[in-house]
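K.L.:
here are the coordinates; sequence isn't available:
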């Protein structure tokens, strides 16, 4: 029996909550094993269930906080986030420029067709010359992040029209940022399905908030990372130089 057959068998025997507990327990045990291999210490096994409860609670709280709110009559003129279709995931990204500290910020969030948050990233970047450079660097970092996590059907959505046009152009971009656009286009070929769209900032507010909050944080920190199959939670602290 392989791992997929095991999961299918378990899904037919236990409730969804029990299946989530099992998956998170597996991940914690695997994480502990890797920690010990790389010089870490063994944690008290009796704390396993408490860790699982904390991870699941954090994931569910994040779902509530990042949920897409229904459009009210007073907000009819504001653009709203639209979920992807089928089995694809939608990656929203945004950038922020912090002139006062010579830095930029990257915000990325990936959701499924039900609007559930699969993974999110908040990261501080280098100083940039203009908003286009900030956006295209944020786009490349978001693409790298999605590939690292393992997504293969993706809708890439940002707010910068210039970036979208450059990514969709069949001709090479002969600007100082051309090599970055080329990197993104090459990464796009690694996805089974890949689409690019553009929205107003009001439909991309979460990614914008994630990018802005890096102004107050030293270093670069990855946010809570729940991902994939039936609520399976994968949570990591991701550090980037």
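P.N.:
Cool, the structure landed. Treat the numbers as computed from the prediction; the structure is a model and nothing was measured. Numbers count the residues shown, from 1 in each chain.
K.L.:
Measure how buried the closest residue to residue 162 other than its chain neighbours is and give me the count.
P.N.:
Of all residues beyond its chain neighbours, the one nearest residue 162 is residue 132 (5.6 Å), with distances taken as Cβ to Cβ, 6 or more residues apart in numbering. C-beta here means a position set from N, CA and C on the backbone, and glycine is covered the same way. By the measure other Cβ atoms under 10 Å, the count of residues near residue 132 is 17.
K.L.:
For the helix or strand hosting residue 132, enumerate the helices and strands it packs against.
P.N.:
Here residue 132, judged by DSSP states H and E, is contained in helix 131-149. Secondary-structure packing of helix 131-149 (3 or more Cβ pairs under 8 Å, 6 or more residues apart in numbering; DSSP states H and E): strand 89-98, strand 103-111, strand 117-125, strand 153-158, helix 161-168, helix 178-188.
K.L.:
export the ones you listed to a markdown table and tack on mean neighbour count, mean pLDDT and distance to residue 198?
P.N.:
Formatted as a markdown table, the entries for these read as follows, by neighbours: other Cβ atoms under 10 Å; pLDDT from 0 to 100; distance: least, Cβ to Cβ, whole Å:
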| stretch | mean neighbour count | mean pLDDT | distance to residue 198 |
| --- | --- | --- | --- |
| strand 89-98 | 24 | 93 | 11 |
| strand 103-111 | 25 | 92 | 16 |
| strand 117-125 | 23 | 88 | 20 |
| strand 153-158 | 21 | 93 | 6 |
| helix 161-168 | 17 | 88 | 4 |
| helix 178-188 | 15 | 93 | 15 |
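K.L.:
Please name whichever of these is nearest to residue 47.
P.N.:
With respect to residue 47, and counting by Cβ to Cβ, the nearest of the helices and strands packed on helix 131-149 is strand 117-125 at 25.1 Å.
K.L.:
Parallel or antiparallel, list what pairs with the closest one.
P.N.:
Sheet pairing here is set by DSSP bridges, and for strand 117-125 it gives strand 103-111 (antiparallel), strand 221-222 (antiparallel).
K.L.:
How is this structure partitioned into domains?
P.N.:
Taking automatic domain parsing as the criterion, the chain consists of the domains 3-65, 82-231.
K.L.:
and among those domains, the most buried is which?
P.N.:
domain 82-231 (a mean of 18; mean count of other Cβ atoms under 10 Å).
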